[in-house]
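# Okay, sequence plus prediction incoming.
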Amino acid sequence: LGECGGVMQPKASAQPAPQLARRVVLRRGLGCAVLPFTGTGLVRGALAVLGTAPLLVACGFKLRGATSLGFARLHLAGAPPTTPLGQELRRQLGGLVQLMAQAEQAQVVMRIEGAQREKLVTGLTSAGLVRELVLRLRLRFSLATPQGRVLIDGTELVLQRDMSTNESAALAKAREEEEIFRVLERDAVLQMVRRLESVVLPAGTAGAMSGVGDGVAGSAAGRAVGAPTAGGR
């Protein structure tokens, strides 16, 4: 085949062109690859696939794996499950950690300190009617251990989107507004999860809290065994 790194063309033959086997010799890394093909379309497809892989590696592209947090049990405070934000938080966090009803049962406590939807007028028509709006979501949260040790200070997230209005389609625009706020809340929760990924529990906290359920049960059993009976008094 000769030296690697080139494309070898078949010698002239009396056979029709479609019956000629073509081989492409590609030099990649330390060696060569010989790929038999029977059509120029397949050759071009292979070149495109093999040529794209080094570019992805060179630019640092990597498929993101599953999100991993440094704790397993979380108590959510300040976001009732009846609100859209509370539902979104429980939907996303519920797949990563166990949501505890009581703060004492959790390793960390996430507190939603404030969530506010805002509408700002940015454009008017010649008649003075609202033409453009900015929908803004402000969300403030913090993270701490049940004992009060701060892991994430009070952090405010601000997200916004532009929206046009139309008086003749008020109902449709109202639905669009609600959908935009839902998207903003979903994006805000994703940002919160990214911040949770960097949280490291204080030394001894994870080990002590990992057995909180057993510890509570054991303490209750110990009190039951050690408590004197009515007859023994």
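Looks like it came in fine.
# all strands for this structure, in order.
22-28, 31-37, 73-77, 98-99, 108-124, 130-144, 150-164 (DSSP state E).
# could you dump those strands to JSON lines with mean neighbour count?
Using the backbone N, CA and C atoms, a C-beta is placed for each residue, glycine as well. JSON lines is the format used below for the strands of the chain (neighbours: other CB atoms under 10 Å):
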{"stretch": "strand 22-28", "mean neighbour count": "15"}
{"stretch": "strand 31-37", "mean neighbour count": "12"}
{"stretch": "strand 73-77", "mean neighbour count": "19"}
{"stretch": "strand 98-99", "mean neighbour count": "15"}
{"stretch": "strand 108-124", "mean neighbour count": "15"}
{"stretch": "strand 130-144", "mean neighbour count": "18"}
{"stretch": "strand 150-164", "mean neighbour count": "14"}
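# Could you dump the ones you listed into CSV and include mean pLDDT and distance to Ala188?
Listed next are the strands of the chain as CSV, based on pLDDT from 0 to 100; distance: least, CB to CB, whole Å:
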stretch, mean pLDDT, distance to Ala188
strand 22-28, 43, 44
strand 31-37, 45, 48
strand 73-77, 97, 14
strand 98-99, 96, 18
strand 108-124, 95, 9
strand 130-144, 96, 5
strand 150-164, 96, 5
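# To Gln191, which of those strands lies closest?
strand 150-164 (5.7 Å; CB to CB).
# Just the CA atoms of that closest one, as CSV, please.
Extracted in CSV, the C-alpha atoms of strand 150-164 (Å, rounded to 0.1, in the frame of the first residue of the first chain):
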residue,chain,number,x,y,z
VAL,A,150,-23.6,27.6,56.8
LEU,A,151,-22.6,25.8,53.7
ILE,A,152,-23.9,28.3,51.1
ASP,A,153,-24.5,31.9,52.2
GLY,A,154,-27.7,33.6,51.1
THR,A,155,-27.5,33.7,47.3
GLU,A,156,-29.8,35.6,44.9
LEU,A,157,-30.5,34.4,41.4
VAL,A,158,-32.0,36.8,38.9
LEU,A,159,-33.3,35.5,35.6
GLN,A,160,-35.4,37.4,33.0
ARG,A,161,-36.9,37.1,29.6
ASP,A,162,-38.4,39.6,27.1
MET,A,163,-42.1,39.3,26.1
SER,A,164,-44.3,41.1,23.7
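# just to revisit the earlier point, so for Glu176, which of the strands of the chain sits nearest?
The nearest among the strands of the chain, by CB to CB, is strand 150-164 at 6.8 Å.
# Need the strands of the chain in CSV (columns: distance to Gln87).
Below are these laid out as CSV (distance: least, CB to CB, whole Å):
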stretch, distance to Gln87
strand 22-28, 50
strand 31-37, 52
strand 73-77, 11
strand 98-99, 12
strand 108-124, 12
strand 130-144, 14
strand 150-164, 18
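# Which stretches in the chain count as helices?
40-58, 84-93, 170-196, 205-210, 212-226 (DSSP state H).
# where among the ones you listed is the average confidence lowest?
Ranked by mean pLDDT, the helices of the chain end with helix 212-226 at the bottom, a mean of 42.
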